[in-house]
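> need a structure here:
(chains A and B)
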There are 2 protein chains.
Amino acid sequence: MIRIGIYGYGNLAKGVEMAVNAASDMELVAVFTRRDPATLKINSVDVPLVSTDNVLAWTDKIDVMVICGGSATDLPKQTPELAKYFNVVDSFDTHAKIPEHFENVNKSAKSSEKVAVISVGWDPGMFSINRMYSSAILPNGKDYTFWGKGVSQGHSDAVRRITGVLDAKQYTIPAESALATVRSGESPELSTREKHIRECFVVAEEGADLAQIEKEIVTMPNYFAEYNTKVHFITEEEMRKNHSGIPHGGFVIRSGRTGLNGENQHIIEYSLKLDSNPEFTASVLTAYARAAWRLYKKGEKGCMTAFDIAPKYLSEKSTEELIKIML
Amino acid sequence: MIRIGIYGYGNLAKGVEMAVNAASDMELVAVFTRRDPATLKINSVDVPLVSTDNVLAWTDKIDVMVICGGSATDLPKQTPELAKYFNVVDSFDTHAKIPEHFENVNKSAKSSEKVAVISVGWDPGMFSINRMYSSAILPNGKDYTFWGKGVSQGHSDAVRRITGVLDAKQYTIPAESALATVRSGESPELSTREKHIRECFVVAEEGADLAQIEKEIVTMPNYFAEYNTKVHFITEEEMRKNHSGIPHGGFVIRSGRTGLNGENQHIIEYSLKLDSNPEFTASVLTAYARAAWRLYKKGEKGCMTAFDIAPKYLSEKSTEELIKIML
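Predicted coordinates for the structure are as follows:
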């Protein structure tokens, strides 16, 4: 049994907890929280809830620590620090800062001779792998990533800050016309803006000026002004009933050509349609926690991404079984 | 430069030739043929065309041999034999016999201390990887593989053997209704027959009994009787103009659930739409030839499949570049 620790206890951590409890080769050993453990309850009633202050008492009891902090401020500190003592996995997703995060984590993990797997989830993670495999196979081509349909927390928050708005949820949606053009193999140049539309569901205060709210949304610079944006006013009850989930997903499409004169066109498409963004990300993290432990046992050390890890290490099944039933 | 040899010179080999010539880190060193080299011309005019009888004179001049024989009779002999002398890659695709092929190739490659990568292409190959990643991430789920729209050589041949048929092409097509059910997350039990329909384009002899030909096709046991089959009679010119390609493709869909009570559903879908089945397979083989060489240089030996190979080894790009632009 691989002994798993979970660091943090938000939505992502709860998803890891479920995935670890469902795996037959893993055991959840402890959950670490910055809050007072006495004030918190976790779903796994038999598992100790421990203050992060005491994490170093657990170095011999945990095979892999799954770090469930946020990318903005938590993970840049937590992952390099914890990699000094544990094999770790995180879902650091600030794309532009991954090289720097990699370096910091790699230093810790090399010196501790542990394995650290960073930036696994769906993007970065499964989408990255698909971009990479597809471009290696079809080097003469172009790839496109579309996000959605899914909830964007940042955009939802921006709408909530408008005067007269009680609650809001913003969905990022791939533009069907852009998807169709890419699938046809036309290889257009498309900006993020051309690829996506934005849809807002807004609960307004009674008597609020709806036209004014709508205008403030669709003209908001950076967030909405450059996009095709739709605004719907709904009741609090509709919000609770129809928009309480955290769905997400998206598409990675590579369009490439082969042939003596590039006469043959190929389209590779990978897509995700997720009811729960955090639970899916947690499922990816958990599979890579298994990989981290196996690679550590093989003598590997240092920081890795999904690019460095052979697919077989993610599966509970043996290589022989995988060849028989999945190859 | 990775020095590549190609063993055989059919459609698949011609695709490998193009892919190797397009790669900036590879050099095509020789093409081997069982035919008399004097009777054959290859597209790469400066590359020696050599009789397979003389292949052992090339052991020091080739880093990876890409074996382009057929799975029925060629590869079961060629791959274990050539793995005694070369790093090799093949596209062995008789799913049921892969474990046996693996054992035979592994014995040779272990004793020669070479790397042999077998069964890479799209199925087995890219489809296998997608089945594997998806099931490792969503263990509580079910996966579905659909083939097509694409040409089935065996079924086309079966139609051609009917009296009165001059030429025929058979397309395997995923059943839209089955695809829709799977994408909805319903997780039905579906046989290959329920998942696919068959469409035949037939050129008949002048004066042939078309009704009789159609009846013979749709009632043909094993090939068509159990399927929903459509038959179209066309002219020789239409056949040449509209049905001379070798397109293929398909879908791998995993539908899985997470949540304390399985309340959240996730759909992972991977699809291929290929103008040329052999050229795409060749592109996959070529990327894995790069991986075989890199793994050999790292000291690996023995037989491997796509499950054993980390994604990064397939790409021309460095790990740093991959992290920067694709993660």
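> Let me see the contact set for the closest residue to chain B within the stretch 101-250 of chain A.
Of all residues in the stretch 101-250 of chain A, A:Ala136 sits closest to chain B, at 3.9 Å by CB to the nearest CB. The way it works is simple: take the backbone N, C-alpha and C, and place the C-beta from them, glycine included. Counting by CB atoms under 8 Å, 6 or more residues apart in numbering or on different chains, A:Ala136 touches B:Ala287, B:Arg290, B:Pro311, B:Leu314, B:Ser315, B:Glu316.
> ok, now with 6 Å
By CB atoms under 6 Å, 6 or more residues apart in numbering or on different chains, A:Ala136 lies in contact with B:Ala287, B:Leu314, B:Ser315.
> swap in A:Val20?
A:Ile4, A:Met26, A:Leu28, A:Thr286.
> Now flag whichever of these is closest to A:Gly121.
Lowest distance from A:Gly121 to these (CB to CB) belongs to A:Thr286, with 11.1 Å.
> If I look at the residue lying closest to A:Thr319 once chain neighbours are set aside, what pLDDT would I see?
Closest residue to A:Thr319 apart from its sequence neighbours, by CB to CB, 6 or more residues apart in numbering or on different chains: A:Lys312 at 5.6 Å. With respect to pLDDT, A:Lys312 scores 98.
> again, but for A:Thr181
In this model, A:Thr181 carries a pLDDT of 94.
> Next, count neighbours for it.
18 (other CB atoms under 10 Å in any protein chain shown).
> correct me, but it touches A:Ser187?
No. Taking contacts as CB atoms under 6 Å, A:Thr181 lies outside contact range of A:Ser187: 8.9 Å.
> quick one on the thing from earlier: could you dump the contacts of A:Ala136 into TSV and include secondary structure, neighbour count and distance to chain A?
Listed next are those as TSV, based on DSSP: H, G, I helix; E, B strand; the rest coil; neighbours: other CB atoms under 10 Å in any protein chain shown; distance: CB to the nearest CB, whole Å:
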residue	secondary structure	neighbour count	distance to chain A
B:Ala287	helix	25	5
B:Leu314	helix	24	4
B:Ser315	coil	21	4
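> Write out the residues of the stretch 1-150 of chain A neighbouring chain B.
Counting by CB under 6 Å from any CB of the partner chain, the stretch 1-150 of chain A comes close to chain B at A:Ile98, A:Pro99, A:Pro124, A:Ser128, A:Ile129, A:Arg131, A:Met132, A:Tyr133, A:Ala136, A:Ile137.
> Can you flag the buried ones in those?
A:Ile98, A:Pro124, A:Ser128, A:Ile129, A:Arg131, A:Met132, A:Tyr133, A:Ala136, A:Ile137 (16 or more other CB atoms under 10 Å in any protein chain shown).
> one step back: what about the residue of the stretch 101-250 of chain A closest to chain B, which helix or strand?
helix A:126-137 (DSSP states H and E).
> by how many degrees do that helix and helix B:126-137 diverge?
Relative orientation of helix A:126-137 versus helix B:126-137 (axes from the mean of the first three to the mean of the last three CA atoms, to 10 degrees): 160 degrees.
> can you list contacts of the helix or strand that helix A:126-137 is followed by?
Next along the chain after helix A:126-137, taking DSSP H and E as the criterion, comes strand A:141-147. Applying CB under 6 Å, 6+ apart, the contact partners of strand A:141-147 are A:131, A:172, A:174, A:182, A:187, A:195, A:250-256.
> And the furthest pair within these?
Going by CB to CB, the pair spanning those furthest: A:Thr172 and A:Gly256, at 26.2 Å.
> other SSEs contacting the host helix or strand of A:Ala109?
Per DSSP H and E, A:Ala109 falls inside helix A:98-112. Judged by 3 or more CB pairs under 6 Å, 6 or more residues apart in numbering or on different chains; DSSP states H and E, the packing partners of helix A:98-112 are helix A:74-82, strand A:302-304.
> And the helix or strand that it is followed by, what does it pack against?
Past helix A:98-112, further along toward the C-terminus, the next helix or strand under DSSP H and E is strand A:115-117. Counting contacts by 3+ CB pairs under 6 Å, 6+ apart, strand A:115-117 packs against strand A:87-89, helix A:277-297.
> hmm, 8 Å instead?
Strand A:115-117 is packed against strand A:87-89, helix A:98-112, helix A:277-297, strand A:302-304, with contacts defined by 3 or more CB pairs under 8 Å, 6 or more residues apart in numbering or on different chains; DSSP states H and E.
> Parallel or antiparallel, list what pairs with it.
If you go by DSSP bridges, strand A:115-117 pairs up with strand A:87-89 (parallel), strand A:302-304 (parallel).
> Lovely, talk soon.
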